[in-house]
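no letters, just coordinates:
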């Protein structure tokens with residue numbers, strides 16, 4: 001039996017007509033889904049809207065694609081409204097990595113240019129930074145930020161890597177591997193007098209943060225398919241100020257006569273019905289639950305889940321598995337796995353697959369500084385019993401696995 005928590009379990013969410021909230025989603029019932037933070041989950045209502053759009057597209061492709069750019073502009077305005085920003089500062093892209101790559105490829109880097117980022121940077125974003133730096137004979141400077149660093153420390157460590165050659169600072173708003181926030185507005189304010197642009201990787205922020213786009217003249221990218229529950233392949237690139245004029249899409253298409261963001265509206269024959277159906281996800285959650293309710297419920301549920309599972313690990317190992325992160329955030333929590341598990345990125349995938357195949361839990365397993373972590377997340381369809389079941393079924397097996405290594 002899982003250990004008792006000193007936290008009160010929140011009452012599971014239900015639909016307006018009293019059914020379990022998971023009925024608004026189509027998640028497979030034989031798996032327990034504790035990893036909303038990676039790929040999200042799309043409400044049934046938004047899936048239906050997208051299927052209707054696909055049917056219209058396939059019924060008359062000529063008419064559809066000749067007018068698709070205007071439908072994209074409408075979807076862009078809807079996404080901008082959800083994010084609380086000006087549609088004239090917002091472009092739609094396939095995911096956060098695509099938006100970041102567009103920024104990398106649009107900026108005019110001088111020879112020897114340096115890019116500053118942190119030890120928490122997402123792998124694909126870091127790879128892109130190294131690629132663009134090598135192309136211009138420069139390098140990437142990485143601020144080594146401890147897990148428990150507070151906002152002031154993070155800001156100081158990032159700025160300590162800035163030099164006369166710094167051409168861009170790339171910083172996470174909410175980190176992927178370590179489930180913590182960074183003080184992106186403070187870093188942007190410090191960089192502004194130096195004339196250094198800041199690119200904020202806000203992949204996890206929409207839905208979690210009420211107003212996710214920082215108030216600064218820089219670049220921000222965010223995924224709408226994670227906690228905002230839009231169909232996958234939906235993300236936003238937001239930029240205001242003089243640098244927006246230089247942004248161009250990754251693929252040259254018929255948007256070339258226009259400037260940002262209209263140049264991003266022309267996407268050729270890509271199927272972007274996900275963009276056009278995104279509003280159905282936002283509206284479904286707002287109308288049936290409320291976004292404020294989601295944030296309150298999911299944050300409390302994640303606290304409870306982390307307490308239950310952390311205590312279960314401790315009961316078996318006698319060690320503290322809780323993790324102090326400097327700036328905890330919303331429905332994401334980090335727990336330290338038993339020693340020896342997921343110490344490399346490759347091993348983390350193996351542990352995740354084992355948890356899914358052997359115990360039927362979908363989780364996120366991450367690695368940071370040679371240690372393995374379980375990254376928990378929560379959404380409206382989760383309930384306390386999901387985390388209690390993990391503590392009872394998966395924790396003993398993981399501890400046994402670690403002892404066998």
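In hand now; what should we look at? For clarity, every value in this text was computed on a predicted model and none was experimentally measured.

how about the most centrally placed residue in the chain, secondary structure?
By Cα atoms, centre = their mean, the chain has its centre lying nearest to residue 204, at 2.4 Å. Remark: residue 204 carries the secondary structure label coil [criterion: DSSP: H, G, I helix; E, B strand; the rest coil].

how about the one 10 residues further on?
The three-state label given to residue 214 by three-state DSSP is coil.

residues in contact with residue 309?
With contacts defined as Cβ atoms under 8 Å, 6 or more residues apart in numbering, residue 309 is in contact with 335, 374, 376, 387, 390, 391, 395. C-beta: built from backbone N, CA, C; applies to glycine.

would you list the residues you listed in CSV and tack on secondary structure, neighbour count and pLDDT?
Supplementary listing: the contacts of residue 309 in CSV, determined by DSSP: H, G, I helix; E, B strand; the rest coil; neighbours: other Cβ atoms under 10 Å; pLDDT from 0 to 100:
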residue, secondary structure, neighbour count, pLDDT
335, strand, 21, 98
374, strand, 30, 98
376, strand, 28, 97
387, helix, 28, 98
390, helix, 24, 98
391, helix, 22, 98
395, helix, 27, 98
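
how about the helices in the stretch 301-405 of the chain?
If DSSP state H, counting those that start in this stretch is used as the criterion, the helices of the stretch 301-405 of the chain fall at 345-359, 384-404.

just checking, what packs against the first one?
Applying 3 or more Cβ pairs under 8 Å, 6 or more residues apart in numbering; DSSP states H and E, one finds that helix 345-359 contacts strand 361-362, strand 364-368, strand 371-377, helix 384-404.

and the contacts of that helix?
For helix 345-359, the surrounding residues in contact (Cβ under 8 Å, 6+ apart) are 31, 123, 337, 341-342, 361-367, 372, 390, 393-394, 397-398, 401.

need the buried ones from the residues you listed selected in ChimeraX.
Of the contacts of helix 345-359, the buried ones can be selected in ChimeraX as follows, counting by 16 or more other Cβ atoms under 10 Å:
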select :337,341,342,361,362,363,364,365,366,367,372,390,393,394,398,401
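
care to break this structure down by domain?
Listed by automatic domain parsing, the domain ranges of the chain are 21-30+290-404, 46-284.

show the end-to-end separation of the last one, please.
Taking Cα to Cα, to the nearest Å, domain 46-284 runs 8 Å from one end to the other.

of the helices of the stretch 301-405 of the chain, which stretch is the most buried?
The highest mean neighbour count among the helices of the stretch 301-405 of the chain belongs to helix 384-404 (a mean of 18), with neighbours defined as mean count of other Cβ atoms under 10 Å.

what angle sits between that one and strand 371-377?
When axes from the mean of the first three to the mean of the last three Cα atoms, to 10 degrees is applied, the directions of helix 384-404 and strand 371-377 differ by 170 degrees.

just checking, residue 363 touches residue 372?
No: look at residue 363 against residue 372 with Cβ atoms under 8 Å: they stay out of range, at 11.9 Å.

pLDDT weak spots in the stretch 51-200 of the chain?
When the per-residue scores of the stretch 51-200 of the chain are filtered using pLDDT under 70, no range remains.

what's stretch 144-157 in contact with?
In this structure, residues lying in contact with stretch 144-157 by Cβ under 8 Å, 6+ apart are 118-120, 143, 158, 178, 180, 182-183, 186-187, 190, 323-327, 334, 368-369.
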